[in-house]
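just coords:
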Ligand SMILES: Cc1cc2nc3c(=O)[nH]c(=O)nc-3n(C[C@H](O)[C@H](O)[C@H](O)COP(=O)(O)O)c2cc1C
């Protein structure tokens, strides 16, 4: 009798995000994994497909005043306001730590003007150990720029063009769900030269303390992330995958391997895991192991056979 079953050592997990090859489709979502240091005691970062770092701006940012996080029954609201060390300090103080690992590093960036996006991209293009740029045109928690860049197709296209002109690195544009038709933004960004899209960022939400009758967040509104987001994210990923030719990275409420599988089956080429890291620092590893188990259980040799396999 021949044994044609496969084991986890034989499954192929590699995926291409345009010109960027990842050894597996599991990444961290920006802002939920810092610059990798805090999580490295828990597991070997080399096992990840990629680390997406906290959003970088041209100058360091203190972010919004507290309180800036509040839990809701099915997710979390945050209004951090893009606190970060700034692009120069990232390169001089943080990047060498990540270079120790055999992992792709994706720098997530944010600017208050198109010129700032350009300057940050030009600086990162010179940095050794950055493999791609993820352009955040979708932060709901900042007064200048932020979501304004991601809700108008023409502006989203201008930011994309400006970044792509500054760097040979693959450019991934991260979209906001806070729009009427996400496919319009996706198409504009694709036509402007993006190599890939990642979606979604947080959905704008709010929470009120009924005793004080004040908003829980000092910023009043915040970005909703976690399980509440998943059905919305999945629907948007499915819509965008059918509208564009470039790869799509699925993000939003992925807590387990089965959540990740829903996105891959719907057509995402890879996934990012955000809020789950706060609950379980090993969430990315659980997802990765669960994906391998799924392939073995279904006798599938290559993750690419799962991607876009939705039956409708
Ligand atoms: C605390 C926090 C900080 C975040 N910071 C960023 C950021 O700097 N840049 C960015 O593009 N997205 C940021 N995000 C959005 C996440 O990367 C992700 O798109 C979103 O949380 C949805 O995924 P999740 O449900 O798995 O958390 C942040 C999210 C959280 C919860």
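Sure thing, it's come through. For clarity, every value in this text was computed on a predicted model and none was experimentally measured.

which ones are touching the residue of the stretch 201-312 of the chain found nearest the ligand?
Closest residue of the stretch 201-312 of the chain to the ligand, Cβ to the nearest ligand atom: residue 274 (2.5 Å). In this view, the C-beta of every residue, glycine as well, is placed from N, C-alpha and C. Counting by Cβ atoms under 8 Å, 6 or more residues apart in numbering, residue 274 touches 28-32, 225-226, 251-252, 254.

again with residue 207
Going by Cβ under 8 Å, 6+ apart, residue 207 touches 70, 72, 77, 215-217, 222.

Next: residue 94.
Taking Cβ under 8 Å, 6+ apart as the criterion, residue 94 is in contact with 35, 37, 53, 85.

coming back round to it: quick check: the residue of the stretch 201-312 of the chain closest to the ligand vs residue 201, distance?
As defined by Cβ to Cβ, to the nearest Å, residue 274 lies at a distance of 10 Å from residue 201.

Follow the chain on from the worst-scoring helix or strand of the chain on mean pLDDT and name the next helix or strand.
Counting by mean pLDDT, DSSP states H and E, the weakest-scoring helix or strand in the chain turns out to be helix 147-151, with a mean of 83. Scanning forward in sequence from helix 147-151 by DSSP states H and E, the next helix or strand is helix 153-166.

which other helices and strands contact that following helix?
The contact analysis (3 or more Cβ pairs under 8 Å, 6 or more residues apart in numbering; DSSP states H and E) places helix 153-166 against helix 114-125, strand 132-136, helix 147-151, strand 171-174, helix 182-191.

What mean pLDDT does the second one get?
Think strand 132-136. Average pLDDT, strand 132-136: 97.

so where's the stretch 51-200 of the chain uncertain?
Along the stretch 51-200 of the chain, segments meeting pLDDT under 70 span 139-147.

and it, which of its residues are near the ligand?
Counting by Cβ under 6 Å from any ligand atom, the stretch 51-200 of the chain comes close to the ligand at 54-55, 76, 78, 80, 82, 108, 136, 174.

quick revisit: how about the contacts of residue 207, which pair is most distant?
Spanning the widest gap among those are 72 and 215, at 12.8 Å by Cβ to Cβ.

Of the contacts of residue 207, keep whichever come out buried.
Among the contacts of residue 207, those classed as buried by 16 or more other Cβ atoms under 10 Å are 70, 72, 77, 215-217, 222.

and of these, the nearest to residue 289?
Among the buried ones among the contacts of residue 207, residue 72 lies closest to residue 289 (Cβ to Cβ), at 28.8 Å.

List the beta-bridge partners for that closest one.
residue 75 (DSSP bridges).

And it, how far from residue 253?
For residue 72, the distance to residue 253 equals 12 Å [Cβ to Cβ].

if I look at those two, which residues touch both of them?
Listed as contacting both residue 72 and residue 253 by Cβ under 8 Å, 6+ apart are residue 228.

which residues of the stretch 151-300 of the chain fall in strands?
Secondary structure of the stretch 151-300 of the chain by DSSP state E, counting those that start in this stretch: the strands cover 171-174, 196-199, 203-206, 208-209, 214-215, 221-225, 248-251, 270-273.

helices or strands up against the last one?
Contacts of strand 270-273 with other secondary structure elements, assessed using 3+ Cβ pairs under 8 Å, 6+ apart, are made with strand 26-28, strand 248-251, helix 257-265, helix 283-297.

for the closest residue to residue 115 other than its chain neighbours, what are its contacts?
Leaving aside its sequence neighbours, residue 115 sits nearest to residue 162 (Cβ to Cβ, 6 or more residues apart in numbering; 7.9 Å). Residue 162 makes contacts with 114-115, 117-118, 121, as judged by Cβ under 8 Å, 6+ apart.

For residue 288, which non-adjacent residue is closest in space?
Nearest residue to residue 288 in three dimensions, chain neighbours excluded: residue 26, at 4.7 Å (Cβ to Cβ, 6+ apart).

Fine by me, thanks again.
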